[in-house]
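1. no sequence on hand, only this structure:
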Ligand code: PEP
Ligand code: MN
């Protein structure tokens, strides 16, 4: 149960609402959706009459939400969300492409990648400064040394970065330079990091954990949303299965399933979803057909020498060819690119 509060509600009124909840053996928790202040109630709400709260001072509306996640649900918000990243829209009617290397390696590599993806029509640049690598001996990213690069590339190309925060320190640095914060698959259930992202003024992309259900993924989104940050984008990036033909199994079937229950935009990462650059274009086109709002895709100026994920990175030429195919298909699916 959600108690939506009137704007200008006082702390005393919120305390009175919370006290009423405790009398009814419910646990009240203040949360925020953008500017909307809310008291979220947990406990045995099924037998509770909304009238127990609707007449209290400061209450605008009482809402029953049955899903375990709340703010991400269509029960809370029926209409699709559009997330705005410094003028780049992600949501219905758009197909937003974020492309670039897995890792930012150097100024020259980042500049070449930015120029190439911009020329091909990408809307945003991707690239990790902080890399969560399976092996502690693999390249860990250039870290804070790349922060200035994000400003430089934006000034020259206009492209905003989506880049991963692996902990609260890297998030605090990234939010001063990037356009959108990426929460990686490995951190989808890092609840303190999600809460910190909920306090950021930047939009947040939550990648699906490699073994996460739809419900777990949307609960992760709610950790961010309930901190007051309404700008959350979901990213399907493939899950672990028994398959050996691909790095992950890209679960495009989750797109229509997620659409039914959440208003948040959904993008697809066919690079980590396949692990093989030769398979990326087919899955990118399929993602558009399945109803995705865009792509996160790895492009490297010289994949053979990439410091991470070269085998799944498209060359600029191959990316350009894929973008042409996507643009040809987009009108059929009511998407602008
Ligand atoms: C990435 O996008 O660079 C990445 C590490 O992805 P994931 O978290 O999906 O593995
Ligand atoms: Mn990668």
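-> Everything's here; your move. The structure presented is a predicted model; accordingly, all values stated were derived computationally and were not measured. Numbering: from 1, shown residues only. Ligands and ions are numbered 1, 2, ... in the order given.
2. that's a helix at residue 282, yeah?
-> Yes. Counting by DSSP: H, G, I helix; E, B strand; the rest coil, residue 282 falls inside a helix.
3. and it, what's its pLDDT?
-> What the model reports as pLDDT for residue 282 is 98.
4. burial of it, as a residue count?
-> The criterion is other CB atoms under 10 Å. On that basis, residue 282 has 13 neighbouring residues. In this view, the C-beta of every residue, glycine as well, is placed from N, C-alpha and C.
5. could you measure from it over to residue 249?
-> As defined by CB to CB, to the nearest Å, residue 282 lies at a distance of 14 Å from residue 249.
6. name the residue of the chain that lies nearest to ligand 1.
-> When distances are taken as CB to the nearest ligand atom, the chain reaches nearest to ligand 1 at residue 184, 3.1 Å away.
7. the closest residue to that residue other than its chain neighbours pairs with what?
-> By the measure of CB to CB, 6 or more residues apart in numbering, the closest residue to residue 184 outside its immediate chain neighbours is residue 164, 5.0 Å from it. According to DSSP bridges, the residues that bridge with residue 164 are residue 182.
8. just checking, residue 164 touches residue 132?
-> Yes. With the criterion set as CB atoms under 8 Å, residue 164 and residue 132 qualify as a contacting pair; they are 7.2 Å apart.
9. packing partners of the helix or strand hosting residue 233?
-> Remark: residue 233 resides in strand 232-236, with elements defined by DSSP states H and E. Using 3 or more CB pairs under 8 Å, 6 or more residues apart in numbering; DSSP states H and E as the contact definition, the elements that strand 232-236 packs against are strand 204-207, helix 214-225, helix 254-261, strand 266-268.
10. how about the residues of this protein by ligand 2?
-> Where proximity means CB under 5 Å from the ion, the interface of the chain facing ligand 2 comprises 102, 309.
11. quick one, helices of the chain?
-> 11-23, 51-54, 107-119, 147-157, 168-174, 191-197, 214-225, 254-261, 270-274, 280-290, 316-329 (DSSP state H).
12. so what's the residue sitting nearest the centre point of the chain up against?
-> The geometric centre of the chain, computed from its C-alpha atoms, lies nearest to residue 205 (CA atoms, centre = their mean), at 1.9 Å. For residue 205, the residues meeting the contact criterion (CB atoms under 8 Å, 6 or more residues apart in numbering) are 162, 180, 181, 182, 183, 232, 233, 234, 235, 267, 296.
13. burial count for the fourth one?
-> The tally of other residues near residue 182 (other CB under 10 Å) stands at 27.
14. ok, it - contacts?
-> Residue 182 neighbours (CB under 8 Å, 6+ apart): 126, 128, 162, 163, 164, 165, 204, 205, 207, 235.
15. redo those as JSON lines? Include pLDDT and distance to residue 117.
-> Supplementary listing: the contacts of residue 182 in JSON lines, determined by pLDDT from 0 to 100; distance: CB to CB, whole Å:
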{"residue": "126", "pLDDT": "98", "distance to residue 117": "9"}
{"residue": "128", "pLDDT": "97", "distance to residue 117": "15"}
{"residue": "162", "pLDDT": "98", "distance to residue 117": "12"}
{"residue": "163", "pLDDT": "98", "distance to residue 117": "14"}
{"residue": "164", "pLDDT": "98", "distance to residue 117": "18"}
{"residue": "165", "pLDDT": "98", "distance to residue 117": "22"}
{"residue": "204", "pLDDT": "98", "distance to residue 117": "22"}
{"residue": "205", "pLDDT": "98", "distance to residue 117": "17"}
{"residue": "207", "pLDDT": "98", "distance to residue 117": "20"}
{"residue": "235", "pLDDT": "99", "distance to residue 117": "17"}
